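# Curious how this folds, go ahead:
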Amino acid sequence: MGKWYVYIAKARTERFYIGISNGPENRIIEHNNLGKGSKFAINQGSLQLVYVSSPFLNKSEARKREIQIKKWSRFKKLKLINGDWI
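Now for the predicted structure:
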């Protein structure tokens, strides 16, 4: 079925968007095309990809990690983005 990734994108407002995809780079392009992205991207402006996880073997495992990261503080997310947290 392919590999899945958790990704973090940053909006112009400095807020983070966290999602999963089997093609994070293409998903960011979709987010930034009006009408095809998330409501977050429409409201916050274009997104810049700042983090892509190692691949997960299935969508379910990627979703679990996405949910975990969404609960983290901004500080912890920044550490992950900078490679200081696993």
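
# Is residue 85 within a helix or a strand, and which one?
Under the assignment given by DSSP states H and E, residue 85 is not contained in any helix or strand.

# That one: neighbouring residues, count only.
13 (other Cβ atoms under 10 Å). (C-beta placed from N, C-alpha, C; glycine too.)

# Need the per-residue pLDDT for it.
Here the pLDDT value assigned to residue 85 is 80.

# what do you get for residue 31?
88.

# cool, and residue 45?
Confidence score, pLDDT, at residue 45: 82.

# Now do the contacts for it.
Residues in contact with residue 45, defined by Cβ atoms under 8 Å, 6 or more residues apart in numbering, are 11-13.

# And it, how far from residue 66?
To residue 66, residue 45 is 22 Å away according to Cβ to Cβ, to the nearest Å.

# likewise residue 17?
Residue 17 is 11 Å from residue 66, by Cβ to Cβ.

# which of the residues in the longest helix anywhere in the chain are buried?
Criterion DSSP state H: the longest helix present in the chain is helix 59-70. For helix 59-70, the neighbour count (16 or more other Cβ atoms under 10 Å) marks 59, 62, 65-66, 69 as buried.

# Least confident secondary structure element in this protein?
In the chain, the helix or strand scored least confidently by mean pLDDT, DSSP states H and E is helix 39-44, which has a mean of 83.

# What pairs with the following helix or strand past that helix, parallel or antiparallel?
Using DSSP H and E, the helix or strand that follows helix 39-44 towards the C-terminus is strand 47-52. Looking at strand 47-52 with DSSP bridges, its partner strands are strand 5-11 (antiparallel).

# returning to that earlier point: by contact count, what packs against the least confident helix or strand of the chain?
Helix 39-44 is packed against strand 5-11, strand 16-21, with contacts defined by 3 or more Cβ pairs under 8 Å, 6 or more residues apart in numbering; DSSP states H and E.

# can you count the residues close to residue 49?
Residue 49 sits with 16 neighbouring residues when counted by other Cβ under 10 Å.
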